[in-house]
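Participant: Any chance you could fold what I've pasted below:
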Amino acid sequence: MDRIEMKKQERLGYFDTKSLDWEKLGSFRKLHVYVDRSIDGYLDIEVVDPSVKHGRSAQRIKRVLTVQLSFTKFKAYHIDLAKLDRLYAGKGIAAQAYRYVIKRLNITLQAGSAQSKGGRKIWFDMAQIMDLAVYAKSQYSKRYEVGIDVEQREVWLPNGKDVYDGIKDMYVFAMPWYASLSS
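Facilitator: This next block holds a predicted model:
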(Lines give C-alpha, C1' and ligand atoms only; values in the text may rest on other atoms or scores of the structure.)
Protein backbone atom coordinates (compact mmCIF):
# COMPACT_ATOMS: atom_id res chain seq x y z
CA MET A 1 0.00 0.00 0.00
CA ASP A 2 1.12 3.52 -0.67
CA ARG A 3 0.96 6.55 1.59
CA ILE A 4 -0.67 9.54 -0.08
CA GLU A 5 -1.30 13.13 0.95
CA MET A 6 -4.79 14.58 0.85
CA LYS A 7 -5.35 18.08 2.08
CA LYS A 8 -8.88 18.81 0.87
CA GLN A 9 -11.62 18.59 3.47
CA GLU A 10 -14.99 17.45 2.21
CA ARG A 11 -18.50 18.79 2.56
CA LEU A 12 -20.80 15.94 1.67
CA GLY A 13 -24.17 17.64 1.59
CA TYR A 14 -27.41 15.72 2.14
CA PHE A 15 -28.73 12.22 1.50
CA ASP A 16 -32.28 11.51 0.32
CA THR A 17 -33.69 8.73 2.51
CA LYS A 18 -36.38 7.99 -0.08
CA SER A 19 -33.90 7.02 -2.83
CA LEU A 20 -35.01 3.82 -4.53
CA ASP A 21 -32.02 1.45 -4.29
CA TRP A 22 -31.07 2.21 -0.67
CA GLU A 23 -32.03 0.07 2.29
CA LYS A 24 -31.53 1.06 5.90
CA LEU A 25 -29.04 -1.30 7.52
CA GLY A 26 -29.37 0.05 11.07
CA SER A 27 -27.68 2.60 13.27
CA PHE A 28 -24.78 3.23 15.65
CA ARG A 29 -24.00 6.30 17.78
CA LYS A 30 -27.31 7.87 16.66
CA LEU A 31 -26.12 7.77 13.03
CA HIS A 32 -28.05 5.77 10.43
CA VAL A 33 -26.41 3.44 7.90
CA TYR A 34 -27.81 2.82 4.41
CA VAL A 35 -26.55 0.33 1.82
CA ASP A 36 -27.08 0.02 -1.93
CA ARG A 37 -26.52 -3.54 -3.22
CA SER A 38 -28.10 -3.00 -6.65
CA ILE A 39 -24.91 -3.71 -8.66
CA ASP A 40 -23.30 -7.16 -8.32
CA GLY A 41 -19.83 -7.01 -6.79
CA TYR A 42 -20.27 -3.48 -5.45
CA LEU A 43 -21.63 -1.95 -2.26
CA ASP A 44 -22.28 1.71 -1.60
CA ILE A 45 -22.55 2.74 2.04
CA GLU A 46 -23.94 6.01 3.37
CA VAL A 47 -23.75 7.04 7.02
CA VAL A 48 -26.08 9.92 7.83
CA ASP A 49 -27.00 12.11 10.78
CA PRO A 50 -30.82 12.14 11.09
CA SER A 51 -30.71 15.04 13.55
CA VAL A 52 -29.55 17.43 10.79
CA LYS A 53 -32.23 17.84 8.14
CA HIS A 54 -32.22 19.94 5.00
CA GLY A 55 -34.35 23.04 5.59
CA ARG A 56 -36.76 22.44 2.70
CA SER A 57 -37.05 18.66 2.78
CA ALA A 58 -37.38 16.51 5.90
CA GLN A 59 -36.37 13.36 3.98
CA ARG A 60 -32.96 14.88 3.14
CA ILE A 61 -30.55 14.40 6.05
CA LYS A 62 -26.88 15.25 6.59
CA ARG A 63 -24.43 12.89 4.90
CA VAL A 64 -21.57 12.02 7.32
CA LEU A 65 -19.62 9.33 5.49
CA THR A 66 -19.82 7.80 2.03
CA VAL A 67 -17.96 4.61 1.12
CA GLN A 68 -17.74 2.75 -2.20
CA LEU A 69 -16.70 -0.91 -2.06
CA SER A 70 -15.88 -3.48 -4.74
CA PHE A 71 -15.45 -7.25 -4.38
CA THR A 72 -11.89 -8.51 -4.97
CA LYS A 73 -9.99 -11.71 -5.74
CA PHE A 74 -9.29 -11.97 -1.99
CA LYS A 75 -13.04 -12.47 -1.38
CA ALA A 76 -13.13 -9.15 0.43
CA TYR A 77 -14.66 -5.76 -0.23
CA HIS A 78 -11.98 -3.23 -1.20
CA ILE A 79 -12.50 0.37 -0.13
CA ASP A 80 -12.41 2.17 -3.48
CA LEU A 81 -13.38 5.56 -2.10
CA ALA A 82 -14.28 6.90 1.34
CA LYS A 83 -15.18 10.48 2.20
CA LEU A 84 -15.95 11.88 5.63
CA ASP A 85 -17.68 15.23 6.05
CA ARG A 86 -15.31 17.72 7.64
CA LEU A 87 -17.73 18.50 10.48
CA TYR A 88 -17.50 14.89 11.69
CA ALA A 89 -13.73 14.41 11.30
CA GLY A 90 -11.63 13.38 14.31
CA LYS A 91 -14.47 11.64 16.15
CA GLY A 92 -13.66 8.00 15.30
CA ILE A 93 -16.81 7.67 13.20
CA ALA A 94 -15.18 6.04 10.15
CA ALA A 95 -13.59 3.18 12.14
CA GLN A 96 -16.87 2.57 13.97
CA ALA A 97 -18.80 2.67 10.69
CA TYR A 98 -16.41 0.15 9.11
CA ARG A 99 -16.77 -2.11 12.17
CA TYR A 100 -20.56 -1.81 12.00
CA VAL A 101 -20.67 -2.69 8.29
CA ILE A 102 -18.19 -5.59 8.69
CA LYS A 103 -20.22 -7.15 11.49
CA ARG A 104 -23.70 -6.36 10.15
CA LEU A 105 -23.00 -7.66 6.64
CA ASN A 106 -20.52 -10.33 7.85
CA ILE A 107 -17.92 -9.29 5.28
CA THR A 108 -14.17 -8.87 5.12
CA LEU A 109 -13.03 -5.34 4.35
CA GLN A 110 -9.82 -4.65 2.43
CA ALA A 111 -7.97 -1.38 2.96
CA GLY A 112 -7.54 0.90 0.00
CA SER A 113 -4.32 0.44 -1.98
CA ALA A 114 -3.36 4.08 -1.31
CA GLN A 115 -4.10 5.68 2.04
CA SER A 116 -4.03 9.19 3.41
CA LYS A 117 -2.93 9.92 6.96
CA GLY A 118 -6.60 9.79 7.99
CA GLY A 119 -7.09 6.43 6.26
CA ARG A 120 -4.06 4.96 8.02
CA LYS A 121 -5.47 6.24 11.33
CA ILE A 122 -8.76 4.44 10.69
CA TRP A 123 -6.95 1.11 10.30
CA PHE A 124 -4.86 1.91 13.38
CA ASP A 125 -8.13 2.37 15.30
CA MET A 126 -9.66 -0.81 13.87
CA ALA A 127 -6.60 -2.86 14.86
CA GLN A 128 -7.40 -1.94 18.46
CA ILE A 129 -11.04 -3.07 18.33
CA MET A 130 -11.29 -6.36 20.20
CA ASP A 131 -14.01 -8.00 18.10
CA LEU A 132 -12.23 -7.46 14.77
CA ALA A 133 -9.34 -9.46 13.32
CA VAL A 134 -7.03 -7.11 11.40
CA TYR A 135 -4.27 -8.75 9.37
CA ALA A 136 -1.97 -8.15 6.41
CA LYS A 137 -0.76 -10.40 3.60
CA SER A 138 0.93 -10.20 0.24
CA GLN A 139 -0.71 -11.83 -2.76
CA TYR A 140 0.64 -15.32 -2.03
CA SER A 141 1.77 -15.16 1.59
CA LYS A 142 0.09 -16.31 4.74
CA ARG A 143 -1.69 -13.88 7.05
CA TYR A 144 0.26 -11.78 9.49
CA GLU A 145 -1.46 -10.20 12.46
CA VAL A 146 -0.75 -6.49 12.43
CA GLY A 147 0.66 -4.45 15.27
CA ILE A 148 0.12 -0.77 15.90
CA ASP A 149 2.66 2.03 15.65
CA VAL A 150 1.50 4.53 18.28
CA GLU A 151 3.89 7.23 17.09
CA GLN A 152 2.87 7.09 13.40
CA ARG A 153 -0.73 6.04 14.22
CA GLU A 154 -0.79 3.28 11.62
CA VAL A 155 -0.54 -0.51 11.46
CA TRP A 156 2.75 -2.34 11.01
CA LEU A 157 4.03 -5.90 10.82
CA PRO A 158 6.12 -7.28 13.69
CA ASN A 159 8.08 -9.52 11.27
CA GLY A 160 9.81 -6.51 9.69
CA LYS A 161 7.90 -6.54 6.40
CA ASP A 162 6.63 -3.14 5.26
CA VAL A 163 2.90 -2.54 5.12
CA TYR A 164 3.25 0.91 3.54
CA ASP A 165 5.61 1.95 0.74
CA GLY A 166 7.40 -1.43 0.69
CA ILE A 167 8.95 -3.33 -2.20
CA LYS A 168 6.31 -6.07 -1.99
CA ASP A 169 2.62 -5.14 -2.24
CA MET A 170 0.90 -5.75 1.08
CA TYR A 171 -2.83 -5.79 1.64
CA VAL A 172 -4.60 -5.14 4.95
CA PHE A 173 -7.93 -6.71 5.90
CA ALA A 174 -10.46 -6.60 8.72
CA MET A 175 -13.06 -9.22 9.46
CA PRO A 176 -15.24 -10.20 12.42
CA TRP A 177 -13.09 -11.86 15.06
CA TYR A 178 -15.25 -15.01 15.17
CA ALA A 179 -14.91 -15.45 11.37
CA SER A 180 -11.11 -15.50 11.66
CA LEU A 181 -11.32 -18.69 13.75
CA SER A 182 -12.74 -20.71 10.88
CA SER A 183 -10.44 -19.46 8.10
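Participant: So which residues make contact with the helix or strand harbouring Arg63?
Facilitator: Per DSSP states H and E, Arg63 falls inside strand 57-71. Contact with strand 57-71 is made by 12-18, 31-32, 41-54, 77-85, 88, 93-94, 97-98, 101, 109, as judged by C-beta atoms under 8 Å, 6 or more residues apart in numbering. Glycine gets a C-beta too; all of them are placed from N, C-alpha and C.
Participant: In ChimeraX, select just the buried ones from those residues.
Facilitator: The ChimeraX command for the buried members of these (criterion: 16 or more other C-beta atoms under 10 Å) is given here:
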select :12,14,15,17,31,32,43,44,45,46,47,48,49,77,78,79,82,83,84,85,88,93,94,97,98,101,109
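Participant: just the strands in the chain please.
Facilitator: 2-3, 14-16, 22-28, 31-36, 42-54, 57-71, 77-84, 109-110, 114-115, 132-137, 144-145, 147-149, 154-156, 171-176 (DSSP state E).
Participant: could you dump those to JSON lines with mean pLDDT?
Facilitator: Below are the strands of the chain laid out as JSON lines (pLDDT from 0 to 100):
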{"stretch": "strand 2-3", "mean pLDDT": "62"}
{"stretch": "strand 14-16", "mean pLDDT": "94"}
{"stretch": "strand 22-28", "mean pLDDT": "95"}
{"stretch": "strand 31-36", "mean pLDDT": "97"}
{"stretch": "strand 42-54", "mean pLDDT": "95"}
{"stretch": "strand 57-71", "mean pLDDT": "94"}
{"stretch": "strand 77-84", "mean pLDDT": "94"}
{"stretch": "strand 109-110", "mean pLDDT": "96"}
{"stretch": "strand 114-115", "mean pLDDT": "84"}
{"stretch": "strand 132-137", "mean pLDDT": "93"}
{"stretch": "strand 144-145", "mean pLDDT": "87"}
{"stretch": "strand 147-149", "mean pLDDT": "87"}
{"stretch": "strand 154-156", "mean pLDDT": "86"}
{"stretch": "strand 171-176", "mean pLDDT": "94"}
